[in-house]
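From the sequence below, what's the structure:
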Amino acid sequence: MTLHQNLIDGAWVGGEGVANINPSDTNDVVGEYARASKDDALAAIAAAKAAFPKWSRSGILERHQILRKTADEILARKDELGRLLSREEGKTLAEGIGETVRAAQVFDFFAGEVLRLAGEAIPSVRPGVGIEVTREPVGVVGIITPWNFPIAIPAWKIAPALAYGNTVVFKPAELVPGCAWAIVDILHRAGLPKGVLNLVMGKGSVVGQAMLDSPDVTAQTFTGSVATGKRVAAACVEHMRKFQLEMGGKNPLVVLDDADLAVAVDCAVNGAFFSTGQRCTASSRLIVTEGIHDRFVAAVTEKLKGLVVDDALKAGTHIGPVVDPNQLAQDQDYVEIGRKEGATLAFGGERLNRETPGFYLQPALFTEATNAMRISREEIFGPVASVIRVKDYDEALQLANDTPFGLSSGICTTSLKYSTHFRRNAEAGMVMVNLPTAGVDFHVPFGGRKGSSFGSREQGR
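Residues are numbered from 1 along each chain as shown. Purely as a prediction, here's the structure:
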């Protein structure tokens, strides 16, 4: 099997090979991918630092053409790359292709933004003096991405970094090196000068730590767990570098008595369970008022009964496997925690067997949960959602905001009064009305409040 190597200073560099395993079929090896060492990471950082002076002063047309060419190739290969994504991460094929298209759109958007770079010319209070305000690239950008969106998140971190003249050292999640390698290969062949983009696949404790420890990494962007995000922040403060963190959520979907029931059910099921619930924007808390509660629970349960959990590549599959055995064990632990806390397991939560050996889990729906339970406080990151019964809108809003997170929030209602008030008062970076909490356009800012995010927004201008 071909070893997919790391890219350092414009050259493909070998290393210890690690198998990339398909969570839908653990007998299927997606490929062998090199594991970088600490020395590899340091060499990549040195290469990025050396390439920065020239790249930061490169012409906007050169950068535009490289990003546009990358967008075109990703889009042309969407079926192939979407299939690769689904094999290594476990999303359904439709979701894998959709995410691949999203990555192409992100590169296309930032290819356009390169041609719209702007500053300000403003008058001075001092006679004969002119003032020009410009935006400058910061230097070497370290990029650490998670496993749940293996092509979209790298795209929306790499594209702006390159667009604005920075150089990059990129470490993808060890579980999903395939899409990362593919996107770097495309950018490399699109004409990036050597050293501008460096790929170092491997362990966070080795490669990621080398990035955090290096004074030559001028800015760091990270998406992942809260615990790791705090360690990233501490390391960045030590070096006084700019940093950006995306660290998850415990997102509420409020369903009011006047909601369109079909719309509410679709929003809840899509937001909570699609992509196997492995989204930081997933609707893990379904906060439902008394008048519609029983009908909502019955309708959601009926909808869940019709969902097919199977191989991500199989036609007709609605939900693929959990990404790996560790995540599966965590999901199952939380199902047991919910039971012990006194919530009612209304549906699912069972390990499933399919034709191929994989990490299959029936989506779990808890009812009679409270906002104080661990299943309502802690991010599970799997197909597990809790229904919390409330008496009215005011209680729903209070509970929606009663969380250490603040990424996404949603409401299902036909009331302009309540939807307007919720948009103004929900303590989240992104607020949805009659839409799933998961999902945002590629050209708008993405990010949260409180414990979900830190630093500037991702995506958008």
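
Settle this for me: residue 218 is touching residue 139, isn't it.
Yes - using C-beta atoms under 8 Å, residue 218 is in contact with residue 139, at 3.2 Å. To be clear about C-beta, it is placed using only N, CA and C from the backbone, and glycine gets the same treatment.

Would you tell me which strand is longest in this protein?
Among the segments of the chain that qualify as a strand by DSSP state E, the longest is strand 25-35.

partners of that one, with directions?
If you go by DSSP bridges, strand 25-35 pairs up with strand 3-4 (parallel), strand 16-22 (antiparallel).

Take these and write them to CSV, including distance to residue 203, mean neighbour count and mean pLDDT.
What follows is the strands paired with strand 25-35, written out as CSV (distance: least, C-beta to C-beta, whole Å; neighbours: other C-beta atoms under 10 Å; pLDDT from 0 to 100):
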stretch, distance to residue 203, mean neighbour count, mean pLDDT
strand 3-4, 16, 20, 98
strand 16-22, 10, 17, 96
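
right, and the helix or strand after the longest strand of the chain?
For strand 25-35, the following helix or strand on the C-terminal side (DSSP states H and E) is helix 38-56.

The residue nearest to residue 452 when sequence neighbours are not counted: what's it in contact with?
Nearest-residue entry for residue 452: residue 407, 3.9 Å, with adjacent residues in sequence omitted and distances by C-beta to C-beta, 6 or more residues apart in numbering. Contacts of residue 407 were listed using C-beta atoms under 8 Å, 6 or more residues apart in numbering, and they are 248-249, 251, 280-281, 428-430, 447-449, 452-453.

just residue 260 next, same as before
Residue 260 touches 412, 414, 434, counting by C-beta under 8 Å, 6+ apart.

Also residue 169?
Listed by C-beta under 8 Å, 6+ apart, the contact set of residue 169 reads 41, 44-45, 48, 140-143, 198, 200, 211, 217.

Please, a PyMOL command that selects the buried ones among the contacts of residue 260?
Here is the PyMOL selection string for the buried members of these, based on 16 or more other C-beta atoms under 10 Å:
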select buried, resi 412+434
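
Which one of the contacts of residue 260 is nearest to residue 191?
Using C-beta to C-beta, residue 434 is the member of the contacts of residue 260 that lies nearest residue 191, at 44.0 Å.

The closest one and residue 418 touch, don't they?
No - if you go by C-beta under 8 Å, residue 434 and residue 418 don't touch, sitting 11.4 Å apart.

and for those two, which residues touch both?
Contact criterion C-beta under 8 Å, 6+ apart; residues shared by residue 434 and residue 418: residue 411.

Would you mind listing the buried residues in stretch 250-261?
Result for stretch 250-261 [16+ other C-beta under 10 Å]: buried residues 250-257, 259.

Can you lay out those as a markdown table showing pLDDT?
Compiled in a markdown table, the buried residues of stretch 250-261 are given as follows (pLDDT from 0 to 100):
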| residue | pLDDT |
| --- | --- |
| 250 | 97 |
| 251 | 98 |
| 252 | 98 |
| 253 | 98 |
| 254 | 98 |
| 255 | 98 |
| 256 | 98 |
| 257 | 98 |
| 259 | 98 |
